[in-house]
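Peer 1: Below: sequence and its predicted model.
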Amino acid sequence: MALPVCVYSFHPLVLAELNRLLAAGGVPPLSYKLETDHIMDLKKIVVPAASAYVVEANARRRATEAIVEEIFSRRPGVRLLVVAERFEEAAAFPLLRLGVKGLLSYPELASHLASAVTVIASGGYWVRRALLFRYVDATLAAVRRPRLASTSAYLSQRERQVHQFLMENLSNKEIAARLNVSERTVKFHVSNLLGKYGVKRRADLILLSFTMRQLA
């Protein structure tokens with residue numbers, strides 16, 4: 001990785017273990033201990049450039065979401081993984097909707113942390129398949145499956161190109177440069193893609209498309 005992985009935790013022992021596991025897996029960590037007052041004053045969180053970000057979940061679910069939102073607001077499009085004791089749907093689904101790319105439980109850390117970070121930094125997802133599929137089912141509750149399955153057949157050539165770049169996690173500015181068009185044009189195509197797939201967020205579109213490819 002060209003850049004280190006940024007690690008955040010409220011607990012010194014957990015932070016030390018995350019750093020150890022990443023370093024042992026050949027992934028250079030850059031760690032920050034979160035203080036309790038960071039929950040109230042999110043601007044105190046340092047968010048440097050990194051290949052990926054690892055956040056230890058707080059006992060208060062909304063606090064974790066707020067920290068994730070703050071990181072995304074400062075570094076749009078980053079690859080982020082959350083670790084916690086376990087992930088029930090009530091906690092996992094909001095994080096996936098925010099754009100989190102990886103969910104890893106404490107028992108899985110020793111075996112999979114370095115691999116999970118490497119995968120998400122490369123543009124992939126690290127979420128248990130059963131949980132990911134339940135999330136997709138929930139997201140598609142108001143969308144007819146036949147429509148999703150056949151959506152790609154109704155995409156224009158330019159929409160297909162934009163969709164592919166979205167799957168590579170490129171920003172609108174980066175897509176515009178690749179296609180030699182304006183950012184406004186890219187935003188127009190992204191809006192059309194969201195409408196055709198029946199979702200409201202880029203993260204949902206990317207995750208749905210990724211999952212459908214896995215199912216194909």
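Peer 2: Structure received. Worth saying up front: this structure is predicted, and the values here are computed from it rather than measured.
Peer 1: Tell me where the model's unsure across the protein.
Peer 2: By pLDDT under 70, the low-scoring segments of the chain are 1-2, 37-40, 140-153, 211-216.
Peer 1: hmm, try it at 80
Peer 2: Applying pLDDT under 80 to the chain flags residues 1-2, 36-40, 136-155, 168-169, 196-201, 203-216.
Peer 1: in it, which spans are helices?
Peer 2: Assigned by DSSP state H, the chain shows helices spanning 12-24, 61-74, 89-98, 106-121, 129-139, 145-151, 157-167, 172-179, 183-197, 202-215.
Peer 1: Tabulate these in CSV, adding columns for distance to Pro4 and mean neighbour count.
Peer 2: C-betas here are computed from N, CA, C, even on glycine. Output for the helices of the chain, formatted as CSV (distance: least, Cβ to Cβ, whole Å; neighbours: other Cβ atoms under 10 Å):
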stretch, distance to Pro4, mean neighbour count
helix 12-24, 9, 16
helix 61-74, 15, 17
helix 89-98, 23, 17
helix 106-121, 10, 18
helix 129-139, 27, 15
helix 145-151, 38, 13
helix 157-167, 25, 17
helix 172-179, 22, 16
helix 183-197, 30, 16
helix 202-215, 24, 17
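Peer 1: Any chance of JSON lines for the ones you listed, columns distance to Asp41?
Peer 2: Formatted as JSON lines, the helices of the chain follow (distance: least, Cβ to Cβ, whole Å):
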{"stretch": "helix 12-24", "distance to Asp41": "20"}
{"stretch": "helix 61-74", "distance to Asp41": "10"}
{"stretch": "helix 89-98", "distance to Asp41": "20"}
{"stretch": "helix 106-121", "distance to Asp41": "27"}
{"stretch": "helix 129-139", "distance to Asp41": "31"}
{"stretch": "helix 145-151", "distance to Asp41": "41"}
{"stretch": "helix 157-167", "distance to Asp41": "33"}
{"stretch": "helix 172-179", "distance to Asp41": "30"}
{"stretch": "helix 183-197", "distance to Asp41": "32"}
{"stretch": "helix 202-215", "distance to Asp41": "26"}
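Peer 1: Out of these, which gets nearest to Ser51?
Peer 2: Ser51 lies closest, by Cβ to Cβ, to one member of those: helix 106-121, at 4.4 Å.
Peer 1: Between helix 12-24 and that closest one, find me the angle.
Peer 2: Angle, helix 106-121 to helix 12-24, by axes from the mean of the first three to the mean of the last three Cα atoms, to 10 degrees: 50 degrees.
Peer 1: Thanks again, I'm all set now.
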